[in-house]
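Visitor: just coords:
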């Protein structure tokens, strides 16, 4: 009986020893995961996934652009009104920077009169004619790829992604373009809900940062 108790104690000690490395390995893995996540943030630095990617044509005097027409934006989201919501924010942002913007109703009438039904396949000649009709130096076109509330692991957060481009009236060429891969949610927001920002605030922030790349 005594020999059995000794063996039983030894077996418990062996099980305890075998469990310690296992527990430590789980802790080590969790710690390693956090280090990798933190390192990725530090490596990305000032160029995060939320930073706008943009193109600016050189040798263009953007200060000469005084009047712009903002065409209807294409909504590529489940929100059919997302295009118009972002369009209004863009118009407001341009006006706040001293750019004269054609009234949206006037743009709609010109599109109807010129029988321009698809902006996705608009011709260079149509762009030139439309710009001349509206009396502008450039046309702004765009689309909305994301607009709504997304779900992370434990939290919900607003997400807005847009693409904009400015087309010269004289040539019909794109002289500036920008796209925001995502907006309103970084690593910590997606996983831990570190921020508290509304969808409208996120949209305004994304539009402002996009326009910053040109002016």
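Guide: Great, that's in hand. As the structure is a computational prediction, the values presented were derived from the model and not from experiment.
Visitor: which parts of this structure are helices?
Guide: Per DSSP state H, the chain carries helices over the ranges 2-44, 82-96, 104-113, 124-134, 187-192, 199-212.
Visitor: tell me what the second one is packed against?
Guide: Under the contact definition 3 or more CB pairs under 8 Å, 6 or more residues apart in numbering; DSSP states H and E, helix 82-96 sits against strand 67-70, strand 74-75, strand 100-101, strand 138-151, strand 156-168, helix 199-212. Using the backbone N, CA and C atoms, a C-beta is placed for each residue, glycine as well.
Visitor: in JSON lines: the ones you listed, plus mean pLDDT.
Guide: Shown next, in JSON lines, are these (pLDDT from 0 to 100):
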{"stretch": "strand 67-70", "mean pLDDT": "97"}
{"stretch": "strand 74-75", "mean pLDDT": "94"}
{"stretch": "strand 100-101", "mean pLDDT": "98"}
{"stretch": "strand 138-151", "mean pLDDT": "93"}
{"stretch": "strand 156-168", "mean pLDDT": "93"}
{"stretch": "helix 199-212", "mean pLDDT": "93"}
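Visitor: which stretch among those comes nearest residue 120?
Guide: Proximity to residue 120 (CB to CB) singles out strand 74-75 among the helices and strands packed on helix 82-96, at 6.7 Å.
Visitor: let me see the domain layout of the chain.
Guide: According to automatic domain parsing, the chain comprises the domains 1-45, 49-212.
Visitor: okay, those, which one's buried deepest?
Guide: Scoring these by mean neighbour count under mean count of other CB atoms under 10 Å gives domain 49-212 as the most buried, with a mean of 17.
Visitor: tell me which of the helices and strands packed on helix 82-96 lies nearest to residue 56.
Guide: Across these, closest to residue 56 is strand 156-168 (CB to CB), at 9.4 Å.
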